[in-house]
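Participant: just coords:
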């Protein structure tokens, strides 16, 4: 199988070098092949970190779990092809299958189960991968690289510095190349972003652009729904500002905010659902970050914090209460409001449903508590965390110093672009506004709900990528002699 894996990956690298469809006009024909090799090396490093020297930089060994559960789903095909396709297309109520997995059914916390879609993709790859992990990594790297290529092709006409340099600047930011060289959602997400950007900005015929746009929708909403939602909302605002106010954001922005406020007052129930969903997303993430235990009693689910384990007795997957304790009635993955409860020992035996040991890089964030006012108050804190965490004094493994260095370099790069920026035409201003608004929206959402530095670093890479594009299109090579020679 090692020879098969080498031949399979070599064939992919050869295709990137040989076939013109994978080339980038104006760049060496070896560019995509070398980029693919670099991503494979990074993918191997990520695999090594997660399997040999794991540093709690992520919430779990997601790549391994996705691949393993993909194999479980793939095995279903050989037992019952019809049941396999029912699972693949979401037709079957899959409770029996869900009991065999950890990520297939996390409850009703999300409208679209992106974890299922990653498992589905892995199950397809298993038909020809021979269960070789590096083939899975190679395919995800290949798809992510196509996404980077499409993003570069979408914005290259607005970039004035050397095109070859710009491509590598876009590909090599640590968070981008790290997380898009994995077997996880981010690799498919960046392909979706690339298809979306290309459909909007390319000079291809309308039919081709529409095809790219339609292809981007299932990838964006199916693998990272919140990123897709923010992209489409930002696109909506951009079109609204362009068509109604001719890009005069001094007028367009206040009216948009006022409209949102009025809608919030009129559609109170919808607003409460949004705030409740963010509250629960934050609450569950805090529970995962701190660690905790969900148990099933005869009538409901109870949640206990890790510091309360001394009040409990564990025997296999059975849990009993030893001392009086304050807990919550809370079903794992549910969007219902937690209910405080005081429990006393009665000899009840509970089923351990979900237990997390917590995350080393957990940080404290202000709870939203189902309050719209509190949510708004949390925005400055959210932006600070999402933009600049981890701080040097934050808990975490040594991997945090790579993230700190990346934030420092990003800050310097933005500052440099500000002083060396060029004048924009109206189209370029519109693109810059779109990218900035998308970044802000994504960073605020991440900061509001994510209390784990490792997850923040992982989730914010699309926002960082958008900021890098802004920098690339802003730089004027004539304003600093260094750029003239590049």
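Facilitator: Here it is on my side, so go on. Because the structure is predicted, anything quoted here is derived from the model rather than measured.
Participant: now stretch 181-188: how far from the chain's centre is it?
Facilitator: Centre-to-centre, stretch 181-188 and its host chain are 9 Å apart (C-alpha atoms, centre = their mean, to the nearest Å).
Participant: Residues contacting that stretch, please?
Facilitator: With C-beta atoms under 8 Å, 6 or more residues apart in numbering as the test, stretch 181-188 has contacts from 39-40, 42-43, 46, 62-63, 66-67, 114, 118, 121-122, 133, 136-137, 140-141, 143-144, 147, 179-180, 219, 222-224, 458, 461. Using the backbone N, CA and C atoms, a C-beta is placed for each residue, glycine as well.
Participant: please redo it, this time with the cut-off set to 7 Å
Facilitator: Defining contact as C-beta atoms under 7 Å, 6 or more residues apart in numbering, one finds that stretch 181-188 is touched by 39, 42-43, 46, 62-63, 66-67, 114, 118, 136-137, 140-141, 143-144, 179-180, 219, 223-224, 461.
Participant: tell me how far the ends of that stretch are from each other?
Facilitator: Taking C-alpha to C-alpha, to the nearest Å, stretch 181-188 runs 10 Å from one end to the other.
Participant: With stretch 178-192 instead?
Facilitator: Stretch 178-192 has an end-to-end distance of 17 Å (criterion: C-alpha to C-alpha).
Participant: now stretch 176-195
Facilitator: Using C-alpha to C-alpha, the end-to-end distance of stretch 176-195 comes to 17 Å.
Participant: Wait, residue 326 touches residue 342, no?
Facilitator: Yes. Residue 326 lies in contact with residue 342 (C-beta atoms under 7 Å); the separation is 5.5 Å.
Participant: Give me the buried stretch members for stretch 308-316, please.
Facilitator: Neighbour-count burial for stretch 308-316, counted by 16 or more other C-beta atoms under 10 Å, picks out 308, 311-312.
Participant: And it, how far out from the chain middle?
Facilitator: Chain-centre distance of stretch 308-316: 34 Å, with C-alpha atoms, centre = their mean.
Participant: Which residues does that stretch contact?
Facilitator: Stretch 308-316 is contacted by residues 304, 319-323, 325 when judged by C-beta under 7 Å, 6+ apart.
Participant: One more pass at 6 Å, please.
Facilitator: Stretch 308-316 is contacted from outside by 319-320, 322-323, 325, using C-beta atoms under 6 Å, 6 or more residues apart in numbering.
Participant: Of those, which belong to helices?
Facilitator: Of these, none are assigned to helices by DSSP state H.
Participant: Farthest-apart pair in the residues you listed, please.
Facilitator: Largest separation among the contacts of stretch 308-316 by C-beta to C-beta: 319 and 323, giving 13.3 Å.
Participant: how about the strands of this structure, start to end?
Facilitator: Secondary structure of the chain (DSSP state E): strands located at 292-296, 301-304, 312-315, 318-321, 325-329, 339-343, 350-356.
Participant: Within the sheet, what are the partner strands of the third one, with directions?
Facilitator: Looking back up the chat, that one is strand 312-315. If you go by DSSP bridges, strand 312-315 pairs up with strand 318-321 (antiparallel).
Participant: next one: the second one
Facilitator: Taking DSSP bridges as the criterion, strand 301-304 forms sheet pairs with strand 292-296 (antiparallel), strand 325-329 (antiparallel).
Participant: The last one too?
Facilitator: For strand 350-356, sheet partners with direction are given as strand 292-296 (antiparallel), strand 318-321 (antiparallel), following DSSP bridges.
Participant: least reliable of those going by mean pLDDT?
Facilitator: Of all those, mean pLDDT reaches its minimum on strand 292-296 (a mean of 83).
Participant: residues in contact with it?
Facilitator: Residues from elsewhere that reach strand 292-296, judged by C-beta under 6 Å, 6+ apart: 301-305, 319, 332, 350-356.
Participant: Give the buried subset of those residues as a ChimeraX selection command.
Facilitator: Burial among these is assessed by 16+ other C-beta under 10 Å; the matching ChimeraX selection reads:
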select :301,302,303,304,305,319,332,350,352,353,354,355,356
